[in-house]
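S.K.: after the sequence you'll find the predicted model.
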Amino acid sequence: MPEAPGRPPPGIYLAFDFGLRRIGVAAGQTQTGTASALETVRHGEAPDWSAISRLVSEWRPTGLVVGLPLDSEGHETDMSRAARAFGLELATRYARPVYHADERLSSLAAGEAFVGMRASGHGRRKDASKLDALAARIILENWLAERA
């Protein structure tokens, strides 16, 4: 399913920060433009489709957003092509529109937010696995803001 231009239909969206070892997941809605980090799912030989299916079933999203790790000039990379393939598989499995979002700054922002959480006593080193879900939240919030 190609990405639809303009404003997305109102509703709930799940976002994915795709990685070869982990995939961060967040949920958000168009009405408020806010998102929440949900969890990080495994990605070994293949994504943990049972965990992703559980989240899709639980949240019943209108659409799905996949972060694209483009290079510093905005060009495709091997990783962004893998993220696009993941998005295509999401569209096939869950029959929902898949949108792509430039994620070049999300990992940096997530890292800075996590450092701030640790400094204020709200995050611990063992919570670092939540960083991917935090990045997915940032991807989704940015994507929603761009389309508001």
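M.R.: Sure, I can see it.

S.K.: helix, strand or coil for L20?
M.R.: Following DSSP: H, G, I helix; E, B strand; the rest coil, L20 is assigned to coil.

S.K.: how much space separates the nearest residue to it once chain neighbours are set aside from E141?
M.R.: Leaving aside its sequence neighbours, L20 sits nearest to H43 (CB to CB, 6 or more residues apart in numbering; 6.2 Å). Glycine gets a C-beta too; all of them are placed from N, C-alpha and C. H43 is 23 Å from E141, where distance means CB to CB, to the nearest Å.

S.K.: just give me the neighbour total for the residue nearest to L20.
M.R.: For H43, the neighbour count with other CB atoms under 10 Å is 17.

S.K.: contacts only, for it.
M.R.: By CB atoms under 8 Å, 6 or more residues apart in numbering, the contact set of H43 is 18-23.

S.K.: at 7 Å what do you get?
M.R.: H43 is in contact with 19-23, counting by CB atoms under 7 Å, 6 or more residues apart in numbering.

S.K.: strands of the protein, start to end?
M.R.: Using DSSP state E, the strands of the chain run over 12-17, 22-29, 35-42, 63-68, 98-102.

S.K.: so which of those strands is nearest D132?
M.R.: strand 22-29 (2.9 Å; CB to CB).

S.K.: that closest one vs strand 63-68, what angle?
M.R.: Here strand 22-29 runs at an angle of 140 degrees relative to strand 63-68 (axes from the mean of the first three to the mean of the last three CA atoms, to 10 degrees).

S.K.: can you tell me which residues contact the residue nearest in space to the middle of the chain?
M.R.: A centroid search over the chain (CA atoms, centre = their mean) returns F16, at 2.4 Å, as the residue closest to the centre. Applying CB under 7 Å, 6+ apart to F16 gives the contacts 23-25, 64, 66-67, 136.

S.K.: hang on, V66 packs against F18?
M.R.: Yes - with contacts counted by CB atoms under 7 Å, V66 reaches F18, the gap being 6.0 Å.

S.K.: who wins for most neighbours among the contacts of F16?
M.R.: In terms of neighbour count, A136 stands highest of the contacts of F16 at 34 neighbours, by other CB under 10 Å.

S.K.: what's near enough to touch that one?
M.R.: A136 neighbours (CB under 7 Å, 6+ apart): 15-17, 24-26, 37.
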